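Enquirer: This is a predicted model, with the sequence first.
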Amino acid sequence: MVLPAPARLLLVRHAPSLGAGLLAGRLDVPAALPPTLVPAQTRLASLLPAPCNLFTSPALRCRQTAEALFPNTEYQQNAGLWEQNFGAWEGQNAAALPDLGPLSRADLAAHRPPSGESFLDVAARAAPALADIAAQGPAIIVTHAGIIRAALGLALGEAAQGLAFEIAPLSATLLSVSGGVWSIGFVNLSLLP
C-alpha cells in the first residue's frame, strides 16, 4: 500500500493588531505591520517550497499580513479560519476580563464567553476548514492564534491540548497530514530576527 505524500500546512499568525491589549477576536482591527518584512519573507521561502496555496482568515489583520508577506499573490479567504468569537468580551482590556486561571484546560476549552463561542466550538469549526485546505496540497495559512492552537489540538487528538501552546504574532507552525493523520513539524517559530 502506497500512502499519498503528506500535505504540509504552514500556519502563520498575523502581525500584531492595532489596539494591542484589547481582546480582538472577531473585531476587524488592522495589523500593525513592522517597517520591513524582508526577513520574514526570506524565512517563509525556506520553510515551504513554492508552489503552494495561500489562504487567510477574512479578518483585516490577516489579509493585510498576507498581502505584506506575499505581495502580488492571490489568496483565498476561508471563514473557518476566523478567530474565536469572544462575544461580550470583544474589545475589552485583558485586565477587565474574568480570571479563568483556576479552570482546568478541559474546562477552559469548554468555557463560552457570554454570546460568544468556546475554544471547542472554534476547534470544531477549524477542523473541516483545515482538512479541506490540506486536500488541496501544500499551503500557507495566515490566521489567528486560536486557529493555530485548534490545529495543534487536532494533531494531538484532543482539542483542549492546543491551549498549551503559545503562538506569537508573526510566528510559523508547521503541520503535515497524510491519510487523515496529523503531525506537528514545529511550533511558534519566529519569522523576524
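Expert: Looks like it arrived, so ask away. Small disclaimer: the values here were computed from a predicted structure and weren't measured. Numbering: from 1, shown residues only.
Enquirer: So, low pLDDT: which residues of the protein?
Expert: In the predicted model of the chain, residues 1-4 satisfy pLDDT under 70.
Enquirer: redo that, cut-off 80
Expert: Applying pLDDT under 80 to the chain flags the ranges 1-5, 19-21, 49-50.
Enquirer: which strand residues sit across from Ser178 in the sheet?
Expert: With DSSP bridges applied, the residues forming beta bridges to Ser178 are Val181.
Enquirer: Could you report the neighbour count for it?
Expert: Using other Cβ atoms under 10 Å as the criterion, Ser178 is surrounded by 14 other residues. Backbone N, C-alpha and C define where each C-beta goes, glycine included.
Enquirer: my guess is it meets Pro6, correct?
Expert: Yes. Assessed by Cβ atoms under 8 Å, Ser178 is found in contact with Pro6 at 3.8 Å.
Enquirer: In a helix, Asp121, correct?
Expert: Yes. With DSSP: H, G, I helix; E, B strand; the rest coil as the criterion, Asp121 is assigned to a helix.
Enquirer: Please give me every residue in contact with it.
Expert: Under the criterion of Cβ atoms under 8 Å, 6 or more residues apart in numbering, the contact partners of Asp121 comprise 84, 112.
Enquirer: That one and Trp82: what is the separation?
Expert: Look at Asp121 and Trp82: by Cβ to Cβ, to the nearest Å, they are 11 Å apart.
Enquirer: Could you pull up the residues touching Leu37?
Expert: By Cβ under 8 Å, 6+ apart, Leu37 lies in contact with 68-69.
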